[in-house]
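Colleague: only the shape, not the letters, is given here:
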């Protein structure tokens, strides 16, 4: 399916899914802040504006209330390049530390568009390099940013196998390997299939959702999940269902909305946060994907204020 067609359809389905308990209504009750809360930002949320002055931008983020960062823009040579020239990871960490920010997580994506038995060694070699580059940073989470192109149940099962092997590599280096969902993981595949399926109607009996296969066929001791609730809704999934079903697998969250947190009323952040905390989890990152807004710092500052004032965080 063409990506543009899928995203349009997924947005429509997401709007319908918002009628359910975890995605409906407003953003939840706000109260006066009760002391400083520790939370993070996915740097993609300020990538365009941050690139103009990284040290100064980090100071703005600290002033806005952020304490931790999740990286994006990893390059195979061990640098970060996100709308700016490559910066070695240790130098990037120092700039963050100078501003009082701690890097605790990083996103990476293997360059192979698809995973096959023939290129599995290349995929694992990539993750070995990623792991080596990040181990010295002292981060907690190393995140696979998306699923490669898949067309069948067997394709997804191979991805799950490689995730298990990567998880072992990452665990041995003292970190936790984590998968981040995009809306397309709500699509379905069938055994021996030749394309992914997305429909507002019925699926073949043998069809399985990509996300479900990854959750079911990865090792709980090696592979964890970073739940992007907004992406889940766009794909037609209910974040609350997954938080309840996999309380020990979903250890991170991306928190975002169509606008700054709490502005659109699309996502019921309160019920999602309450379940996340009930599961014993604490770490999450704000993300703002409207990178061309011209007001990225302003938007993430608004989101930080929302979180500081919310009584459910």
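Modeller: Great, that's in hand. Note that this is a predicted model, so its numbers are computed, not measured.

Colleague: contacts only, for residue 224.
Modeller: Counting by C-beta atoms under 8 Å, 6 or more residues apart in numbering, residue 224 makes contact with 141, 176-179, 249-252. (Glycine included, C-beta is placed from N, CA and C.)

Colleague: need these in JSON lines (columns: pLDDT, distance to residue 94 and neighbour count).
Modeller: Output for the contacts of residue 224, formatted as JSON lines (pLDDT from 0 to 100; distance: C-beta to C-beta, whole Å; neighbours: other C-beta atoms under 10 Å):
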{"residue": "141", "pLDDT": "98", "distance to residue 94": "20", "neighbour count": "22"}
{"residue": "176", "pLDDT": "98", "distance to residue 94": "24", "neighbour count": "18"}
{"residue": "177", "pLDDT": "98", "distance to residue 94": "25", "neighbour count": "25"}
{"residue": "178", "pLDDT": "98", "distance to residue 94": "25", "neighbour count": "25"}
{"residue": "179", "pLDDT": "98", "distance to residue 94": "29", "neighbour count": "26"}
{"residue": "249", "pLDDT": "98", "distance to residue 94": "33", "neighbour count": "18"}
{"residue": "250", "pLDDT": "98", "distance to residue 94": "32", "neighbour count": "23"}
{"residue": "251", "pLDDT": "98", "distance to residue 94": "27", "neighbour count": "22"}
{"residue": "252", "pLDDT": "98", "distance to residue 94": "24", "neighbour count": "26"}
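
Colleague: now, which of those residues lie within strands?
Modeller: Here DSSP state E is the test, and the contacts of residue 224 give 141, 176-179, 250-252 as lying in strands.

Colleague: which element is the residue nearest to residue 78 when sequence neighbours are not counted on?
Modeller: Counting by C-beta to C-beta, 6 or more residues apart in numbering, residue 78 lies nearest to residue 133, which is 4.1 Å off, once chain neighbours are set aside. Residue 133 is part of helix 120-135, with elements assigned from DSSP states H and E.

Colleague: quick check: angle from that helix to strand 176-180?
Modeller: Taking axes from the mean of the first three to the mean of the last three C-alpha atoms, to 10 degrees, one finds helix 120-135 and strand 176-180 inclined to each other by 110 degrees.

Colleague: from residue 266, how far off is residue 234?
Modeller: 10 Å (C-beta to C-beta, to the nearest Å).

Colleague: counting neighbours, go ahead and name the busier of these two.
Modeller: Neighbours were counted for residue 234 and for residue 266 using other C-beta atoms under 10 Å; residue 234 has more, 24 against 20.

Colleague: any weak-confidence spans in the stretch 1-150 of the chain?
Modeller: Applying pLDDT under 70 to the stretch 1-150 of the chain picks out residues 1-34.

Colleague: which parts of the stretch 51-200 of the chain are helices?
Modeller: Assigned by DSSP state H, counting those that start in this stretch, the helices in the stretch 51-200 of the chain fall at 54-64, 89-98, 120-135, 153-172.

Colleague: of these, which stretch is the most buried?
Modeller: helix 153-172 (a mean of 20; mean count of other C-beta atoms under 10 Å).

Colleague: any idea of the mean pLDDT in that helix?
Modeller: Mean pLDDT, helix 153-172: 98.

Colleague: now do that helix: which elements does it pack against?
Modeller: Using 3 or more C-beta pairs under 8 Å, 6 or more residues apart in numbering; DSSP states H and E, the elements in contact with helix 153-172 are helix 120-135, strand 141-144, strand 176-180, strand 188-189, helix 210-216, strand 223-228.

Colleague: pretty sure residue 154 contacts residue 191?
Modeller: Yes. If you go by C-beta atoms under 8 Å, residue 154 and residue 191 touch, sitting 6.8 Å apart.

Colleague: for residue 249, which non-adjacent residue is closest in space?
Modeller: residue 225 (5.2 Å).

Colleague: so how far is residue 80 from the one you found?
Modeller: Counting by C-beta to C-beta, the gap from residue 225 to residue 80 is 24 Å.
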